[in-house]
Structures are given as C-alpha cells and as structure tokens.
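> Give me the fold of what follows.
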Amino acid sequence: MPPGKSAQNKRTGAWQVRAQHHKKCASLAPQLVVHLLERQGITTVSGIPGGSILPIYDALSQSTQIRHILARHEQGAGFIAQGMARTEGKPAVCMACSGPGATNLITAIADARLDSIPLVCITGQVPASMIGTDAFQEVDTYGISIPITKHNYLVRNIAELPQVISDAFRIAQSGRPGPVWIDIPKDVQAATIELDALPEPGARTAPPTFDSASVREAAAMINAAQRPVLYLGGGAINAPEPIRQLAEKSQPANHPDPDGAWGCCRKRIRCRWACWGCTARAAPILFCKRLIYWLF
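Predicted coordinates for the structure are as follows:
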C-alpha cells in the first residue's frame, strides 16, 4: 500500500463520491451523516457522546473538516450552537444521545425556537423496534420536540437520511428561522445504503414577493400617526440602512428587542430598549419583525 494511503482512507471513511463513473456508492449511515454535514459547510459541532449516538461520533472523529466541542452538559451544547448560529447567521449543529441527553437539550432548543435561531439538532435513539417499550434511556424525543421546534424528524429508514438532512438545513434558515430536530435510531445508524447521487445541500429559500398595496397602507399609517413606534425584532438586523432611513424620515420612537437592536440603533435615532408597557399609549404601533424581514 502506498505511504499515506491508510490515513487517506481513514479521513474519507466509507463515503466516496464517484459520480464521474456513474457508479453507486455504498455508505454507512454515520459516514453519510458526517459527509452531509460537511457539504452543508459545517466546521464545528457541539455535543456530548452517548451510547445511542456513538456510531455518528466515531465517524465524526474521522472528519478533517469538522471540529467537535465537548460540552459539560447537553444544555450547554445547545447554547454553544446557538452562539455560533447567532454570530455566523447560518444554521449550527448540536448532538446528544437518547434519553437524558435529549431531554437536557430541551431548554436550549426551546429558547432557539422563541428567538428564531437556526439550529439542526441530531440525537441518537434506541433501535426502532424498541421505541415505545420503555427501553433503557428511551424517551419520546419526537413527541417532546414537536412544540419547541420548527420541524422535527424521526428517521426510520436510512434512505430518508440524505433528504431529511438537506430539508432540515433548508427549513432551519428559511422564512422565520428556528431549530429542526433529527432523531436517528441506532439500527438506522448501523444500516448501509447505496446511492447514485445526493440531494443538493439545504439552502435558504427566497422570500415571497411583498404586496405593494399593503406597503403603501403601512406607509400611510406611519405618515398619519402622531406618536408612531417602530418595534424592531431580530428579522430587522440584516437591514440596518433601510431601517435607519425609515426611522429618520418618520421620526418614531424605536423600541428594538435585544436581537434587533445592534444592527439598527445609532445615535441619530431615538432608540429605547423594549419594555413591557412602554408602547401602551402609542398608536398606531407598527410591528416590523416580519414586515422588515420580507421587505428587505
């Protein structure tokens, strides 16, 4: 064997793309998951390993692109991923095992849902045949995560994995961002699949076109208001200049929430931190979180 060949095989794992020869490629689920994360541009993953997700962690250790941050607690892993998503403006990934690992993630994932933070959370699960039998470290991760995620998946067949991961990244960052949870049973992680091709990496979908009539109506309300208020949320953070121009022209009091403040508040604009009751006497109040997002 040529020098360095063994190390090269270790880095690439079981996944090798041979599209130029139009041949099917056999891949184990863990190597497939890591390869799909690499295609999404993921360079850092936070989490804590455990029995039900060890196959994915074994594959992750072979990646030369992805660095793993070992947290002290799964909740911390979730907030580490939140920090990466907030600063980079794109989905971040956290991982945990089944049972207590999954339940420890809940606070961080619920917070990401409320703050519109794009996350992809991947957890291990007991084998599919044991779900619902009160197996060791089994909880209904799928059911628990429904109210705190933008979308969630329980993968029961390895053939679903490529599209599920692509869709998860697309959903997490499209429209109002939020967390997506992928639960992968251990028997699915042990499966092998042959693929001709992979779906395109999940990307943010284009926002819908806005209604000109509604925009003109909103402009008329602002112009006619005696005490206008712009309530700026996280969706406005990427459009500071248009918002600044709007604020300077209409001269409202601005009440940004913490997510929208940093990109929009400057000395030239009357800016106040959002607080309960501070806008009670202002009419009309224009809630810009979604309006600004879709306009700009």
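
> Show me the longest helix that occurs in this protein.
helix 74-88 (DSSP state H).

> Of all the residues in it, which ones are buried?
E74, Q75, G76, A77, G78, F79, I80, A81, Q82, M84, A85, R86 (16 or more other CB atoms under 10 Å). Backbone N, C-alpha and C define where each C-beta goes, glycine included.

> which helices and strands does that helix pack with?
strand 44-47, strand 92-96, helix 100-104, helix 106-115, strand 119-125 (3 or more CB pairs under 8 Å, 6 or more residues apart in numbering; DSSP states H and E).

> closest one to R216 among the ones you listed?
helix 106-115 (31.4 Å; CB to CB).

> Can you name every helix or strand that that closest one contacts?
Helix 106-115 packs on helix 74-88, strand 119-125, helix 141-145, strand 179-185, going by 3+ CB pairs under 8 Å, 6+ apart.

> How far away from the center of its chain is that helix?
11 Å (CA atoms, centre = their mean, to the nearest Å).

> which outside residues touch it?
74-79, 81-82, 85, 94, 117-119, 121, 144-145, 148-150, 178-179, 181, 234, 259 (CB atoms under 8 Å, 6 or more residues apart in numbering).

> between it and helix 74-88, how many degrees?
Note on geometry: by axes from the mean of the first three to the mean of the last three CA atoms, to 10 degrees, helix 106-115 and helix 74-88 are set 30 degrees apart in direction.

> Kindly export helix 106-115 (C-alpha atoms) in PDB.
Provided in PDB are the C-alpha atoms of helix 106-115 (Å, rounded to 0.1, in the frame of the first residue of the first chain):
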ATOM      1  CA  ILE A 106     -34.800  21.000  25.600                       C
ATOM      2  CA  THR A 107     -34.200  24.400  27.200                       C
ATOM      3  CA  ALA A 108     -31.700  25.400  24.600                       C
ATOM      4  CA  ILE A 109     -33.800  24.200  21.700                       C
ATOM      5  CA  ALA A 110     -37.000  25.900  23.100                       C
ATOM      6  CA  ASP A 111     -35.000  29.100  23.500                       C
ATOM      7  CA  ALA A 112     -33.800  28.900  19.900                       C
ATOM      8  CA  ARG A 113     -37.400  28.500  18.800                       C
ATOM      9  CA  LEU A 114     -38.600  31.600  20.600                       C
ATOM     10  CA  ASP A 115     -35.600  33.600  19.500                       C
END
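
> If I take it and strand 119-125, what angle do their directions form?
150 degrees.

> I'd like to check the angle between helix 106-115 and strand 92-96, please.
160 degrees.

> If you count neighbours, what's buried in helix 106-115?
So, applying 16+ other CB under 10 Å, buried residues of helix 106-115: I106, A108, I109, A110, D111, A112, R113, D115.

> Setting the sequence-adjacent residues aside, check what's closest to E74.
Excluding its sequence neighbours, the residue lying closest to E74 (CB to CB, 6 or more residues apart in numbering) is N104, at 3.5 Å.

> Tell me how many other residues surround the one you found.
Number of residues near N104 (other CB atoms under 10 Å) recorded here: 19.

> what's the spacing between it and G143?
17 Å (CB to CB, to the nearest Å).

> same check, this time on T43
32 Å.

> which one of these two has more residues nearby?
T43 (14 against 10).

> the helices in the stretch 101-250 of the chain, which residues?
106-115, 141-145, 161-173, 186-189, 212-224, 240-250 (DSSP state H, counting those that start in this stretch).

> Now do the contacts for D187.
With CB under 8 Å, 6+ apart, D187 has these contacts: P127, A128, S129.

> Measure how buried the last one is and give me the count.
A count of neighbours around S129, defined by other CB under 10 Å, yields 10.
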